[in-house]
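Chemist: From the sequence below, what's the structure:
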Amino acid sequence: MNTPKLSIALSCAVAVLMLSGCAASVKSGGTETLVIQESAKQNLVVNFEGNSKVQQNEDWPRLKREWNDALQVEATRAGYRLTEAQASSQEGKEGVGIKINVTNFRYLTPGARYGAGVMVGNAWVNSSADYSDLKSGRLIGTRTYDTSSSAWEGVMSAMTQEQVQAISQKIISDIKSAKAK
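Modeler: Numbering: from 1, shown residues only. Okay, the predicted model is just below:
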C-alpha cells in the first residue's frame, strides 16, 4: 500500500476507534444467592436513597430521574412492572422492593465531555441495592453496583446516563436470574 492510502486508512481507523466509545462496565458484588418467587418478580418497587453528601449534590434529582427511567426500560424489556415507591404504598403486596443506596457519584453529561474533554474528569456511581420481599418485608439480599469512566477514554467514554443504564441492566438481570423458592 502506498503512503497516501496508508495514511487515509490509518486516519479512518483512528476516527472509528474514537467514535466507538466505551460501554459502561459494572462491578457488582454480593455473597448471598437471591431467591425470588417468579410471581413476585412481576411487581418491582424501587426507592432511591442517598447519604447527606449525595442528597446535597445538585445533580441528585437528575440522577434519580434518569436511573428510574433506565430501570423502567429494563423492567419492561424483561416483562416486569416497575414503580417508584410512594411512602410504603406497596407493603403487604406480592413483589420485590429494591432500595438503591447511593454512597457517592459524580455526574457528567456528554455535553460536558464534548465541551471540555479530559479536563472535566471522570464520572462514577457507587451504590448498593437491598432486595426485599414486599409481603413480609424480609431482606432477600444485597448487591453492590459500582461503575466509573475514565476521561482518558476520550469524548465517547461512558457518562453518567450510560452508567445508570448499565447498572439498571445488571439489577434486572440479577432479579431475572434469581432462583425461585
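Chemist: Make sure residue 95 is actually in contact with residue 45.
Modeler: Yes. Residue 95 is within contact range of residue 45, at 5.9 Å (criterion: CB atoms under 8 Å). (C-beta placed from N, C-alpha, C; glycine too.)
Chemist: Pull up the overlap in contacts between those two.
Modeler: residue 134 (CB atoms under 8 Å, 6 or more residues apart in numbering).
Chemist: Of the two, give the one with the bigger neighbour count.
Modeler: Per other CB atoms under 10 Å, whichever of residue 95 and residue 45 has more neighbours is residue 95, with 25 against 22.
Chemist: list the contacts for that one?
Modeler: Residue 95 is in contact with 40, 42, 43, 44, 45, 134, 135, counting by CB under 8 Å, 6+ apart.
Chemist: Just the buried residues out of those, in ChimeraX syntax.
Modeler: This is how ChimeraX selects the buried members of these, with burial counted by 16 or more other CB atoms under 10 Å:
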select :40,43,44,45,134,135
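Chemist: residues contacting the nearest residue to residue 93 once chain neighbours are set aside?
Modeler: Using CB to CB, 6 or more residues apart in numbering and skipping residues adjacent in sequence, the residue nearest residue 93 is residue 134, 5.5 Å away. Contact analysis of residue 134 by CB under 8 Å, 6+ apart lists 40, 43, 45, 90, 91, 92, 93, 94, 95, 96, 97.
Chemist: Tell me the one of the contacts of residue 95 nearest residue 52?
Modeler: Distance to residue 52, by CB to CB, is smallest for residue 45 among the contacts of residue 95, at 24.2 Å.
Chemist: Isn't the closest one up against residue 80?
Modeler: No. Using CB under 8 Å, residue 45 makes no contact with residue 80, being 10.8 Å away.
Chemist: show me what contacts residue 172?
Modeler: 71, 74, 75, 77, 78, 80.
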